[in-house]
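A.B. asks: Fold the stuff below for me.
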Amino acid sequence: MSSEYSILFIPSTYGHSSNIFFSYEFLLFFLLFLSIFTFWFTPGGLAWALSKSRVGSRPAIPGPSGLPVLGLVFTFTSSLTHRLLSKLSKNLNATPLMAFSIGFTRFIISSQPESAKEILNSSAFADRPVKESAYELLFHRAMGFAPYGEYWRSLRKLSSTHLFSHKRISSLGKCRREIGNKMVSDIICLMETEGKIKVKRILHFGSLNNVMSSVFGKCYDFVTENEGQKLEFLVCEGYELLGIFNWSDHFPFLGWLDLQGVRRRCRDLAIKVNIFVGKIIEEHRVKRSENGGVVADEDLWDFVDVLLNLEKDNKISDTDMIAILWEMIFRGTDTVAILLEWILARMVLHPEIQVKAQQEIDNIVGTNRGVSDFDLPKLTYLQAIVKETLRIHPPGPLLSWARLAMNDTFIGHHFIPAGTTAMVNMWAITRDEKIWSQPEKFMPERFLEEDVAIMGSDLRLAPFGSGRRVCPGKTMGLATVQLWLAQLLQSFNWIASENGVDLSECLKLSMEMKHSLVCKAIPRVNS
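C.D. replies: So this is what the prediction gives:
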């Protein structure tokens, strides 16, 4: 090539070496910046950008890019994640489906009943992503986090046939009533000594004992008894660990560092849980051995007895048994207490609604006897109060535990690669004015005018989830809440203390009241 044409391909450096070096450096920097800018600001962020070759030319799901590398990390470290995600989806016109990233984890979230139903009822989303804390606490061997397959199906059958059957729920009715009566007595004592009550503490202990009696067949004193205090610590520690945002779940290269100490704390807790639950299982085995290997009256069986009875067929190991029993405790304790605290806060704020519910109880039950499970179907206004509280204060605003795409699939016309984590923002759905009239107003009457199913078939209000992974204990949990609410309203008038009621919320594992309800309970009838 002649020198006169070389300038078209290689710039001359004669007398301009520093300027040419600057030009090359600037050009490379500009191209690098442009590539990074395009990469980071892909709709949905980094994790979706890394999947672009799989998505191909299909239309992108709208979504925020978030911070470079981090994505929406700080949205999920907030105590109001559900509100922030709802606002983002509205701003981006992405309520049917929004894409986002947290580190290297790819997410989609639905804030609309139609797309939510596609996610929750699709066989493609029958799996769950397992957080490190859940894995370390052995929950991958229990029903909530077990991979979809034969083992999970056997657990599901076990729960529906034995643990949460209609017969089992009915057999535990007497125990639920007794625990409700104990809470009433405790409230009377506290009002006499302190003049007000911290509602959450009473409900937490009652709910924990309700689960203990059905799971282990025994109740505990959490104030003076050493075993009771130990149990409460184990439960509270587990709740905290499962609710923590763990950076290692989304940034695998941080895993070995255990910067937040989650792995260490989980392993310490798992050892204590194995000892505590293992001891109770062994006590049951000894008791059965003394009785010739059986428990005579099946109606008196607790969950440990049910699992031990299945053990004859070698269907379940001790490790799996501990995981199943421990998950029962976690899933059944605080959800009931948190929901009842929200309901009572609303009763204090809306005395006219409280009076209407009490009048219904007086008309159906009278004042000469306590409420029983048989009365609950007739207490339609009380049921409407529970539904309205589940709508406006859902304990699981993001349905607590997400789903995982097991294979490539579609939601509407959007392609979803395998391995994508899918969520439903039930809080956003229940606050949507296109779906609900005056969604910010607490109005139980709306459920008298229209019978909205809340067990999973109607995605306008599905607090227990829907589809294959719907909460297995939903019927028992709802029966407990309704019975205890009826007992508490029959026994007391609930009024504000000097501090009033603050409805600020805080999302941990469940959506709790940020400031626990402290109020007064004035006896209505002789208890």
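
A.B. asks: contacts and neighbour counts: CA atoms only from here.
C.D. replies: Fine.

A.B. asks: would Trp427 count as being in a strand?
C.D. replies: No. Assessed with DSSP: H, G, I helix; E, B strand; the rest coil, Trp427 is helix; it does not lie in a strand.

A.B. asks: nearest residue to it other than its sequence neighbours?
C.D. replies: Pro397 (4.7 Å; CA to CA, 6 or more residues apart in numbering).

A.B. asks: Let me know the secondary structure of that neighbour.
C.D. replies: coil.

A.B. asks: Pull the contacting residues for it.
C.D. replies: His82, Asn425, Met426, Trp427, Pro463, Ser510, Met511 (CA atoms under 8 Å, 6 or more residues apart in numbering).

A.B. asks: ditto for Asp258
C.D. replies: Here Asp258 is in contact with Ser248, Arg264 (criterion: CA under 8 Å, 6+ apart).

A.B. asks: And it, how close does it get to Glu240?
C.D. replies: Distance, Asp258 to Glu240, using CA to CA, to the nearest Å: 16 Å.

A.B. asks: same deal with Leu97?
C.D. replies: With CA to CA as the criterion, Leu97 and Glu240 are 30 Å apart.

A.B. asks: and if you look at Trp494?
C.D. replies: Trp494 is 30 Å from Glu240, by CA to CA.

A.B. asks: what's the answer for His166, then?
C.D. replies: 32 Å.

A.B. asks: Check Gly473 too.
C.D. replies: From Gly473 to Glu240 the distance is 22 Å (CA to CA).

A.B. asks: got it, and Ala124?
C.D. replies: 30 Å.

A.B. asks: Neighbour count for those two, which is higher?
C.D. replies: Ala124 (19 against 13; other CA atoms under 10 Å).

A.B. asks: Quick check: that one is in a helix.
C.D. replies: Yes. Under three-state DSSP, Ala124 sits within a helix.

A.B. asks: surely it meets Arg403?
C.D. replies: No. Here Ala124 does not reach Arg403: they are 9.4 Å apart, not a contact under CA atoms under 8 Å.

A.B. asks: what about the strands in this protein?
C.D. replies: 98-102, 105-110, 197-198, 403-404, 409-411, 414-416, 421-424, 492-496, 505-507, 511-513, 518-523 (DSSP state E).

A.B. asks: Export the ones you listed as JSON lines, with columns for distance to Ser289.
C.D. replies: Below are the strands of the chain laid out as JSON lines (distance: least, CA to CA, whole Å):
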{"stretch": "strand 98-102", "distance to Ser289": "52"}
{"stretch": "strand 105-110", "distance to Ser289": "50"}
{"stretch": "strand 197-198", "distance to Ser289": "44"}
{"stretch": "strand 403-404", "distance to Ser289": "42"}
{"stretch": "strand 409-411", "distance to Ser289": "52"}
{"stretch": "strand 414-416", "distance to Ser289": "53"}
{"stretch": "strand 421-424", "distance to Ser289": "46"}
{"stretch": "strand 492-496", "distance to Ser289": "46"}
{"stretch": "strand 505-507", "distance to Ser289": "46"}
{"stretch": "strand 511-513", "distance to Ser289": "44"}
{"stretch": "strand 518-523", "distance to Ser289": "47"}
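
A.B. asks: Check these for me and report the most buried one.
C.D. replies: strand 98-102 (a mean of 27; mean count of other CA atoms under 10 Å).
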